[in-house]
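K.L.:
Return a 3D structure for these sequence lines:
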Amino acid sequence: MRPSRSSVHATAASVRALGTVGFHPVGVVIGNSTTHIPRPVALKLQGRLSTLWRSSMGDAGGALPPVIERMYAQATGQDHAIDPYVATYPCAHPVTRGLVPGQRLTEHYPGYNWELPGPGRALTQGFEHALTRLADRATARGAHGVIDIRMEVVGDELFRGTMDITLTGTAVAYGTELPLPRPFTAGLSGQAFSKMVQTGMIPVKFCLGAAVLSSWIGCQTRTQLESGYSFSVEQIGDALVQVRDVATALMWKQTDLSDAPFVEVTLHHAHARTSKTEFRTSAWSAGTVVQPFAPTASPPMSRLVVPMRQQ
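P.N.:
As a prediction, the model looks like this:
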C-alpha cells in the first residue's frame with residue numbers, strides 16, 4: 001500500500017523544527033537494494049599456498065604473493081580509481097637473516113594486511129542504488145530533499161553472500177519553490193537539520209564507504225597467537241584501524257567536495273578468524289557531507305541548496 005503524502009516518521013519536535021527554517025515534511029520515502037557479493041574463489045587454498053611461497057621467499061616481505069598481485073591487477077583494470085590497501089609485516093626474528101635473503105625455505109615469513117577490493121566496492125554500489133531509488137521517490141513527491149535517513153544492512157557481517165540495504169527517510173519541501181534537479185539526502189534529524197540551516201550549512205549527500213581487509217599472518221603474529229601469553233598483536237590490531245581508515249576514505253570518494261565536512265558519521269566493524277593463517281576485518285562508514293550557502297532574508301532554493309557537482 002502506498003503511504004499517503006501526509007505520513008511521516010519524523011517526531012513532532014522534528015516537524016516543528018523544520019517549520020522554523022521554512023521546510024515541511026511531505027511523506028516517507030524508501031529505497032532498497034539487494035547485492036550478491038561472491039566469496040573470493042579458492043582464497044583459503046591460495047592463502048595456504050601463499051604460506052609456502054612466502055617461506056621460500058624468506059622474511060623480507062619485499063614481494064607480494066601472486067594472489068594479491070592478481071586480485072589488485074583485476075581491480076585496477078576494472079576501475080582505475082581503485083587503489084587497494086596493502087601493508088607488510090616482516091619477520092622480526094634475527095635468526096632468519098641470511099647471507100642471501102629471500103632465496104631459502106624457512107618457517108619465518110612476512111604477514112600482510114591487504115584489502116579485498118571486491119566486497120567493499122560491491123556494498124558501496126548497492127548503497128548507491130538504494131540511495132538513487134530513495135531520491136527518485138522524493139522527486140516524485142515534489143520534495144527538495146530527504147532527511148532523517150535510517151539505514152538497515154542485512155547480511156553477513158564480513159560482506160559475503162546476499163546483502164540487503166534499506167534506506168528510509170522523510171522527504172521535505174521548502175515552501176512553494178520548484179523541486180531541485182536532484183534532492184539532497186541527509187542522515188540528520190529534523191532538529192539537527194534546522195540547526196545546520198540556521199548556521200549557514202546545508203546537507204548535500206548521504207554517503208557510505210565499505211571495506212574488507214584480509215590479514216595473512218606472518219611468523220611473528222603466529223608466535224604471539226600460539227604462545228599462551230598476553231601480547232599486543234600488532235598486525236591484528238592494525239587491521240581494525242586500517243579497515244576503518246579505508247572505509248572512511250572510500251566514503252569521502254563518494255563526493256568531489258573534498259573541502260566539505262562530514263557530519264553525523266557512524267562506524268561499524270566486524271572481525272573473525274576465517275582459517276588457521278587468515279583473519280578478516282570489515283567496516284562501513286556512513287555520514288552526511290554538508291556545504292555552506294549564502295543566506296538571504298528569504299533564500300530561494302536555488303541559493304539555499306547547492307547541488308553536488310558532477311563526478
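K.L.:
Let me see the ranges of the helices in the stretch 201-311 of the chain.
P.N.:
219-226, 234-252, 301-304 (DSSP state H, counting those that start in this stretch).
K.L.:
Show me what the second one packs onto, helices and strands only.
P.N.:
This means helix 234-252. For helix 234-252, the packing partners by 3 or more CB pairs under 8 Å, 6 or more residues apart in numbering; DSSP states H and E come out as strand 86-89, strand 111-115, helix 117-140, strand 201-216, helix 219-226, strand 262-275, strand 278-292. From N, CA and C alone the C-beta is placed, and that goes for glycine too.
K.L.:
I'd like the distance between Arg182 and Ala143.
P.N.:
Using CB to CB, to the nearest Å, Arg182 is found at 11 Å from Ala143.
K.L.:
same check, this time on Gly120
P.N.:
As judged by CB to CB, Gly120 and Ala143 stand 30 Å apart.
K.L.:
picking up where we left off before, same list as before, the helices and strands packed on helix 234-252 that is, but in JSON lines and with distance to Ile37, mean pLDDT and mean neighbour count included.
P.N.:
Shown next, in JSON lines, are the helices and strands packed on helix 234-252 (distance: least, CB to CB, whole Å; pLDDT from 0 to 100; neighbours: other CB atoms under 10 Å):
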{"stretch": "strand 86-89", "distance to Ile37": "21", "mean pLDDT": "87", "mean neighbour count": "17"}
{"stretch": "strand 111-115", "distance to Ile37": "14", "mean pLDDT": "90", "mean neighbour count": "23"}
{"stretch": "helix 117-140", "distance to Ile37": "5", "mean pLDDT": "92", "mean neighbour count": "20"}
{"stretch": "strand 201-216", "distance to Ile37": "9", "mean pLDDT": "92", "mean neighbour count": "25"}
{"stretch": "helix 219-226", "distance to Ile37": "27", "mean pLDDT": "84", "mean neighbour count": "18"}
{"stretch": "strand 262-275", "distance to Ile37": "14", "mean pLDDT": "90", "mean neighbour count": "15"}
{"stretch": "strand 278-292", "distance to Ile37": "11", "mean pLDDT": "92", "mean neighbour count": "23"}
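K.L.:
So for Asp238, which of these sits nearest?
P.N.:
strand 111-115 (6.2 Å; CB to CB).
K.L.:
What strands flank that closest one, and is each parallel or antiparallel?
P.N.:
strand 86-89 (antiparallel), strand 201-216 (antiparallel) (DSSP bridges).
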